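*Asks:* Generate a structure from the sequence data that follows.
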Amino acid sequence: IIGVNESSAGRLELYPNPVKDQLMMRIDPSLRGATYTITDAAGRFVSMGQFNGNATTVDVSELRSGQYIVSIQT
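*Replies:* Numbers count the residues shown, from 1 in each chain. Sure, this is the predicted structure:
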């Protein structure tokens, strides 16, 4: 994780770091229904989804090693 937007600091957990197969994301319950987008360092779309609860797991086992950006939209 390179950085976290101040507006979401303390309201978002991403683990483990580094990720091997499964990225675990946990958000504050007040953000349920938020969507996430994962892009690579070049800005190419990788994955997206929605938080139906306060946690979700994303299978990243097919991704190459590198840096990725997780964006949360409320």
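*Asks:* Do you have the strands of the chain handy? List them.
*Replies:* 12-15, 22-27, 35-40, 45-50, 55-59, 68-73 (DSSP state E).
*Asks:* Let me have the ones you listed in CSV, adding mean neighbour count and mean pLDDT as columns.
*Replies:* Quick note: C-beta positions are derived from backbone N, CA and C, even for glycine. As requested, the strands of the chain are arranged in CSV below (neighbours: other C-beta atoms under 10 Å; pLDDT from 0 to 100):
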stretch, mean neighbour count, mean pLDDT
strand 12-15, 15, 88
strand 22-27, 17, 92
strand 35-40, 16, 94
strand 45-50, 13, 94
strand 55-59, 13, 92
strand 68-73, 15, 90
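*Asks:* Show me the beta-bridge partners of residue 13.
*Replies:* As for beta bridges, residue 13 partners with residue 26 under DSSP bridges.
*Asks:* quick one: it from residue 26, how far?
*Replies:* From residue 13 over to residue 26 the distance is 4 Å, taken as C-beta to C-beta, to the nearest Å.
*Asks:* Next: residue 48.
*Replies:* 18 Å.
*Asks:* do the same with residue 69
*Replies:* Applying C-beta to C-beta to residue 69 and residue 26 gives a distance of 18 Å.
*Asks:* Same question for residue 57.
*Replies:* 10 Å.
*Asks:* Repeat that for residue 47.
*Replies:* To residue 26, residue 47 is 17 Å away according to C-beta to C-beta.
*Asks:* Repeat that for residue 15.
*Replies:* 8 Å.
*Asks:* now swap in residue 72 and tell me
*Replies:* 11 Å.
*Asks:* Equivalent analysis for residue 49, please.
*Replies:* Counting by C-beta to C-beta - residue 49 and residue 26 are separated by 14 Å.
*Asks:* now swap in residue 18 and tell me
*Replies:* 17 Å.
*Asks:* shared neighbours of residue 72 and residue 26, anything?
*Replies:* residue 12 (C-beta atoms under 8 Å, 6 or more residues apart in numbering).
*Asks:* looking at the sheet around the spatially most central residue of the chain, what are its partners?
*Replies:* Nearest residue to the geometric centre of the chain (C-alpha atoms, centre = their mean): residue 70, 4.2 Å. Beta bridges link residue 70 to residue 38, judged by DSSP bridges.
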